[in-house]
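Student: build the 3D model from these lines:
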Amino acid sequence: MGQSTFKGGAHPYEGKELSMANPIQVMMPKEELVFPMSQHIGAPATPVVAVGDTVKMGQIIGEASGFISANIISSVSGEVKAVEPRLLSSGAKATCVVIANDGNYEPVEGLGEDRDYTQLSKEEIRQIIKDAGIVGMGGAGFPTNVKVSPKNEDDIDYVIVNGAECEPYLTSDYRLMLERPEELVKGLRVVVSLFQNAKGVIAIEDNKPDAIAKLQYLTSDDPNIEVKVLKTKYPQGAERQVIYVVTGRKIHSKMLPADAGCIVDNVQTILAIHDAVCKSTPSMSRVVTLTGDAMARPQNYEVKFGMSHAELLEEAGGLKCDAEKLISGGPMMGMAMYDLNTPVTKTSSSILAMSKDEVAMNEPTNCIRCGRCADVCPSHLVPKLMAEAAMRDDLDYFQKLNGMECYECGTCTYVCPAKKRLTQIFKQARRAVMDNSKKA
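Tutor: Purely as a prediction, here's the structure:
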């Protein structure tokens with residue numbers, strides 16, 4: 001096995017105590033649900049329903065339109081009211097199927113039926129995962145059926161459950177590890193069964209001792225599954241860091257985890273695989289953390305895809321004071337939300353309500369050449385030089401400095417005493433490089 005941590009990283013305020021002690025609550029939607037056809041990396045799904053159609057809970061309403069794409073499933077029963085562009089939390093617009101919830105939750109035939117995965121072939125399991133519309137629910141949204149179908153499956157020797165949850169404030173994975181540990185282990189066994197040479201590893205930061213103890217107990221008699229305890233540090237949960245810490249292997253931006261013999265999935269993704277394969281239930285909901293110092297009742301909720309963030313916040317008790325900033329995701333890698341009338345999707349992890357906008361409060365000043373940004377960078381880059389190259393639009397030099405190896409974790413921005421908005425600079429530079437490569 002590899003290391004217990006990696007070089008670099010930082011220790012931001014965790015904020016997890018706000019929501020970590022309360023069991024997950026189920027929140028039911030109201031009248032209208034909006035299902036974007038773009039909830040994943042790759043080609044948007046193609047709507048396969050039309051205005052006026054009646055749909056059932058568990059029915060495919062958007063079909064994967066390419067190799068890298070994913071099905072979209074209705075989380076309610078009701079009538080299709082519109083197929084039109086709607087706003088997403090990212091600020092972009094996407095084609096959406098709008099369904100009027102009839103409140104009956106009439107299921108498709110066979111929904112929820114138990115199934116013995118040991119009686120299924122590898123091809124059947126992969127097809128079930130594809131049909132269920134499962135994607136990476138840790139934020140990336142990569143179609144899971146593609147991830148579990150690498151070119152050389154015999155080369156896969158690790159299936160890693162990423163239970164680090166290093167992003168501050170977020171506690172949904174932690175609660176699921178406590179509340180659904182048996183199903184998590186079973187879901188891991190399903191994925192391990194696809195690779196004859198693989199062992200399973202559940203990687204968890206050491207600030208979650210009760211989750212570690214519970215999963216160690218459940219896997220103590222399984223020689224093929226290990227719980228790996230990681231040092232609590234940000235960004236320990238980044239895919240590259242998890243792979244290095246568990247296996248000692250390093251990957252870069254031009255490699256996939258499979259190139260290092262690894263399949264890495266988030267806790268909620270593994271549970272979605274369990275539900276699809278073992279319970280005949282496609283990807284229709286996820287757990288979302290509502291938290292922050294401006295949130296009235298910080299809490300984790302199981303939420304159906306398509307629900308409005310505004311509805312979610314209202315049902316959760318709203319804000320206890322004015323929030324200067326609302327963030328979709330965590331404070332390090334999340335995005336500011338400018339409109340709450342946007343739907344919860346497969347990659348929606350939280351609403352973080354902050355009473356103060358610390359970024360706006362701190363005006364950037366001149367770099368003092370302290371080197372802290374380079375010390376903490378988990379990719380061992382030199383952010384100061386990268387920022388200078390990006391600011392003068394020297395994208396060639398930005399690439400020579402390995403700027404494309406940045407995965408925008410925000411650690412350099414967090415430690416910068418000059419309050420330079422380094423991550424935003426790198427995000428724009430990386431996007432410009434990718435746009436130029438498409439034109440070439």
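Student: where does the stretch 1-150 of the chain have low pLDDT?
Tutor: Within the stretch 1-150 of the chain, the ranges that satisfy pLDDT under 70 run 1-3.
Student: who's in contact with Ala429?
Tutor: Residues near Ala429 by C-beta atoms under 8 Å, 6 or more residues apart in numbering: 386, 389-390, 395, 398, 403. C-beta: built from backbone N, CA, C; applies to glycine.
Student: can you give me the end-to-end span of stretch 70-84?
Tutor: End-to-end distance for stretch 70-84, by C-alpha to C-alpha, to the nearest Å: 19 Å.
Student: returning to that earlier point: between all of the contacts of Ala429, which two are at the greatest distance?
Tutor: Taking C-beta to C-beta, the two most distant members of the contacts of Ala429 are Met386 and Leu395; they sit 10.8 Å apart.
Student: neighbour-wise, which of these two wins?
Tutor: Per other C-beta atoms under 10 Å, whichever of Met386 and Leu395 has more neighbours is Met386, with 28 against 17.
Student: starting at the chain centroid, how far to the helix or strand hosting Val190?
Tutor: Taking DSSP states H and E as the criterion, Val190 maps to helix 181-192. Centre-to-centre, helix 181-192 and its host chain are 18 Å apart (C-alpha atoms, centre = their mean, to the nearest Å).
Student: quick one: strands adjacent to the very next helix or strand once past that helix?
Tutor: Heading C-terminal from helix 181-192, the first helix or strand you meet, by DSSP H and E, is strand 199-205. Looking at strand 199-205 with DSSP bridges, its partner strands are strand 158-163 (parallel), strand 225-230 (parallel).
Student: strand 199-205 versus helix 181-192: what angle between them?
Tutor: Following axes from the mean of the first three to the mean of the last three C-alpha atoms, to 10 degrees, one obtains 130 degrees for the angle between strand 199-205 and helix 181-192.
Student: let me see the mean pLDDT of strand 199-205.
Tutor: For strand 199-205, mean pLDDT rounds to 98.
Student: any idea how far Val51 lies from Met37?
Tutor: Using C-beta to C-beta, to the nearest Å, Val51 is found at 15 Å from Met37.
Student: and these two? which has more neighbours close in?
Tutor: Met37 (22 against 12).
Student: endpoints of stretch 316-334, how far apart?
Tutor: End-to-end distance for stretch 316-334: 20 Å, by C-alpha to C-alpha.
Student: right, I mislabeled it, should have said stretch 218-229
Tutor: End-to-end distance for stretch 218-229, by C-alpha to C-alpha: 15 Å.
Student: give the buried residues for that stretch.
Tutor: Neighbour counts over stretch 218-229 (16 or more other C-beta atoms under 10 Å) mark 218-219, 225-228 as buried.
Student: can you redo those residues as TSV with distance to Cys409 and pLDDT?
Tutor: Output for those, formatted as TSV (distance: C-beta to C-beta, whole Å; pLDDT from 0 to 100):
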residue	distance to Cys409	pLDDT
Leu218	31	98
Thr219	29	98
Ile225	28	98
Glu226	26	97
Val227	25	97
Lys228	21	97
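Student: the most centrally placed residue in the chain and Asn22, how far apart?
Tutor: The centre of the chain sits closest to Gly138, judged by C-alpha atoms, centre = their mean, with a distance of 1.7 Å. For Gly138, the distance to Asn22 equals 22 Å [C-beta to C-beta].
Student: quick one: the strands in the stretch 151-300 of the chain?
Tutor: According to DSSP state E, counting those that start in this stretch, the stretch 151-300 of the chain carries its strands in the segments 158-163, 199-205, 225-230, 262-266, 285-291, 299-304.
Student: can you put those in JSON lines and add distance to Glu79?
Tutor: JSON lines is the format used below for these (distance: least, C-beta to C-beta, whole Å):
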{"stretch": "strand 158-163", "distance to Glu79": "39"}
{"stretch": "strand 199-205", "distance to Glu79": "42"}
{"stretch": "strand 225-230", "distance to Glu79": "45"}
{"stretch": "strand 262-266", "distance to Glu79": "33"}
{"stretch": "strand 285-291", "distance to Glu79": "21"}
{"stretch": "strand 299-304", "distance to Glu79": "16"}
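Student: if we can go back for a sec, and of the strands paired with strand 199-205, who's closest to Tyr301?
Tutor: Evaluated over the strands paired with strand 199-205, closeness to Tyr301 peaks at strand 158-163, with 19.7 Å, by C-beta to C-beta.
Student: what's the angle from the closest one to strand 262-266?
Tutor: Using the same axes, to 10 degrees: strand 158-163 against strand 262-266 is 20 degrees.
Student: contacting residues for the closest residue to Thr281 other than its chain neighbours?
Tutor: Using C-beta to C-beta, 6 or more residues apart in numbering and skipping residues adjacent in sequence, the residue nearest Thr281 is Asp275, 4.3 Å away. Going by C-beta under 8 Å, 6+ apart, Asp275 touches 132, 183, 281-283.
Student: inside helices: which ones of those residues?
Tutor: Counting by DSSP state H, the contacts of Asp275 place Glu183 in helices.
Student: neighbour count added to the contacts of Asp275, as TSV?
Tutor: Listed next are the contacts of Asp275 as TSV, based on neighbours: other C-beta atoms under 10 Å:
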residue	neighbour count
Ala132	25
Glu183	17
Thr281	22
Pro282	25
Ser283	27
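Student: among the contacts of Asp275, which one sits closest to Lys56?
Tutor: Of all those, Lys56 sits closest to Pro282, with 11.7 Å by C-beta to C-beta.
Student: my guess is the closest one contacts Ile73. True?
Tutor: Yes: using C-beta atoms under 8 Å, Pro282 makes contact with Ile73 at a distance of 4.5 Å.
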